[in-house]
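**Q** would you be able to build a 3D model of this:
(one chain, ligands or ions: 2)
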Amino acid sequence: MSQLVAGIDSSSQSTKVVLVRAEDGVVVDQASSPHPVGTEVDPQAWWEALQLAGSGLLDRAAAIGVGGQQHGMVALDADGAVVRPALLWNDLRSAPQIADVIAHFGGEQQTADAIGSVPPASFTVTKLRWMAENEPENAERTSAVMLPHDWLTWMLAGGPGSGAEMVTDHGDASGTGYYSPARRDWLPEVAAWALGRGPGGPAPQLPRIAGPGEVVGTTTGGAQLSAGTGDNMAAALGLCLRDGDVVVSIGTSGTAFCVTDSPRADPTGSVSGFADASGRYLPLVCTVNASRILSVTARLLGVDHDEFAALALAAEPGAGGLTFLPYMDGERTPNRPTATGVLSGLTSGVQREDLARAAVEALLGSLGDAIDALGVVPGRVLVIGGAARNPAVQQLAPAVWGLPVEFPVPGEYVALGAARQAAWALSGADEPPAWAPPETTAFTADPTPVVRRRYDVLRDRTADWTESRA
Ligand SMILES: Nc1ncnc2c1ncn2[C@@H]1O[C@H](COP(=O)(O)OP(=O)(O)O)[C@@H](O)[C@H]1O
Ligand SMILES: O=C(CO)[C@@H](O)[C@H](O)COP(=O)(O)O
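**A** Ligands and ions are numbered 1, 2, ... in the order given. Down below sits the predicted model:
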């Protein structure tokens, strides 16, 4: 009988676990469990969600891999206990510290050259700096810093007091801001600086960075553990990407990314120059407002996802003149951490259908900007994530982007990619197993450039607005 491996996606909203056949990646079982709402979460909640979702699955796996939301700051004291709740990727309170980081490296290009990115507030380095400035006693007590996925891998290996090694991978390490994608190594002195430790001050312990396909430990139940990775890197593995593919993920975050052979160093801050989980690189553009644009609008309209899609599809392109700039929770790309949403073009003739349509066009406008910022000519655009299931997104994406778009069969591609990494580690091979890429459905439509033009005007007109959030 084929061996089974498990893949975990500990993402913003929930933990998902898939149990798959190591030989071909066929899913035999899966489960999920929700996370608390908010941008500051006690990591214990992820551990409890993992145990709930993994119950009856993890004990059947010969190897396990963990994919996790990137960037979250898990600060640990000398005993391995968490110092404070984790600050997540979508917690933008550390926006003022971005300037400190850029000044530390001596400018935008120097920052991008050193750490692969001009870090938005999502990156761990800005969060450490925020803690040093606002909670110096917590910064002082911090003896090790981990990320959500590697903390969970460590917990599976036994956690504090067990002697288990702390291990991460290049993909997730590259989202910290104290890792050099060019050198493929930590910059511990940057982590020490961020914690306010002064020149020559002690660096926090950082997990060892494992190579792709490495076995990094075993669970208390005897399953092998792979290094795990960030959720976007795991999705790239789960989709078995081809060169030229651009992935757009519409979950809590919106992301556009592709796999490349060399690292990126974008001084504008739009593209994060990540490493991937296979020894290559993963330039990525991320937005903070994504599927929530649709769910908030559906809530206002009092409808579920399917009714919302029907309303949006019943409206004309351009939503009766309504344009929605969807930076409701502040925004990361473009860097507008204090922004709020803007509805423009509201007339007394507005219909519910127009509001639904405007929300879908807003989501696609924002993600269209993300695809453009990536700066590659896509061979294929593949759309995944919870909101990729929405028929209005499927039908309108090719029209708003002016590109043919493919939707892989709905699946948990982050968890699947983590499982593929586990199967790779289990095999001891040089390459990940050659699982079949997912089936896709292609959507085409006549382009509606007026939608992007109106969106661009509203985005640019509001560029210097300074909002104070309620
Ligand atoms: N049919 C749908 N239409 C729009 N949004 C959807 C639909 N189904 C699920 N979602 C949204 O997808 C989101 C979850 O997506 P997911 O990719 O699992 O997120 P994450 O990985 O960030 O936790 C939820 O916010 C949910 O509202
Ligand atoms: O910050 C980023 C990428 O840089 C996000 O993509 C997070 O990794 C969270 O992902 P989801 O929970 O939305 O999948």
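
**Q** which helix or strand contains the closest residue to residue 54 other than its chain neighbours?
**A** Nearest residue to residue 54, sequence neighbours excluded (C-beta to C-beta, 6 or more residues apart in numbering): residue 17, at 4.9 Å. For glycine as for every other residue, the C-beta is placed from the backbone atoms N, C-alpha and C. Assigning secondary structure by DSSP states H and E places residue 17 in strand 14-21.

**Q** can you give me the buried ones in the helix or strand following that strand?
**A** The first helix or strand that comes after strand 14-21 along the chain, using DSSP H and E, is strand 27-34. Across strand 27-34, burial judged by 16 or more other C-beta atoms under 10 Å covers 30, 32, 33.

**Q** relative to strand 14-21, how tilted is strand 27-34?
**A** On the basis of axes from the mean of the first three to the mean of the last three C-alpha atoms, to 10 degrees, strand 27-34 is oriented at 170 degrees to strand 14-21.

**Q** strand 27-34 near ligand 2 anywhere?
**A** No. Figure legend: strand 27-34 not in contact with ligand 2 (C-beta under 6 Å from any ligand atom); closest approach 12.6 Å.

**Q** that strand close to ligand 1?
**A** No. Using C-beta under 6 Å from any ligand atom, we find that strand 27-34 stays clear of ligand 1, coming within 8.5 Å at best.

**Q** who are the packing partners of that strand?
**A** The contact analysis (3 or more C-beta pairs under 8 Å, 6 or more residues apart in numbering; DSSP states H and E) places strand 27-34 against strand 14-21, helix 43-54.

**Q** turn the ones you listed into TSV, including mean pLDDT.
**A** Formatted as TSV, the helices and strands packed on strand 27-34 follow (pLDDT from 0 to 100):
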stretch	mean pLDDT
strand 14-21	98
helix 43-54	98
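
**Q** most tightly packed of these?
**A** strand 14-21 (a mean of 24; mean count of other C-beta atoms under 10 Å).

**Q** who does that one pair up with?
**A** Strand 14-21 sits in its sheet next to strand 4-10 (antiparallel), strand 27-34 (antiparallel), going by DSSP bridges.

**Q** what does it rub up against?
**A** Under the criterion C-beta atoms under 8 Å, 6 or more residues apart in numbering, residues 2-9, 26-35, 46, 49-50, 52-54, 57-58, 60-61, 412, 414-416, 419, 423 lie in contact with strand 14-21.

**Q** any idea of the pLDDT on residue 88?
**A** On pLDDT, residue 88 comes in at 98.

**Q** what's the answer for residue 469, then?
**A** 71.

**Q** one more: residue 220?
**A** Model confidence at residue 220 (pLDDT) stands at 89.

**Q** burial count for the closest residue to it other than its chain neighbours?
**A** Once flanking residues are discounted, residue 220 sits nearest to residue 158: 5.7 Å by C-beta to C-beta, 6+ apart. Per other C-beta atoms under 10 Å, the neighbour tally for residue 158 reads 15.

**Q** which secondary structure state does residue 158 sit in?
**A** Classification of residue 158 by DSSP: H, G, I helix; E, B strand; the rest coil places it in coil.

**Q** give me phi/psi at it?
**A** Here is the backbone geometry of residue 158 (degrees, to the nearest 10): phi 130, psi -30.

**Q** can you check what angle separates the strand holding residue 17 from helix 43-54?
**A** 40 degrees.

**Q** dump the C-alpha coordinates for strand 14-21 into PDB.
**A** Extracted in PDB, the C-alpha atoms of strand 14-21 (Å, rounded to 0.1, in the frame of the first residue of the first chain):
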ATOM      1  CA  SER A  14      -7.800  28.500   9.500                       C
ATOM      2  CA  THR A  15      -5.700  25.400   9.600                       C
ATOM      3  CA  LYS A  16      -6.300  23.000   6.800                       C
ATOM      4  CA  VAL A  17      -4.800  19.500   6.700                       C
ATOM      5  CA  VAL A  18      -4.700  17.200   3.700                       C
ATOM      6  CA  LEU A  19      -3.600  13.500   3.800                       C
ATOM      7  CA  VAL A  20      -2.300  12.400   0.400                       C
ATOM      8  CA  ARG A  21      -0.700   9.400  -1.300                       C
END
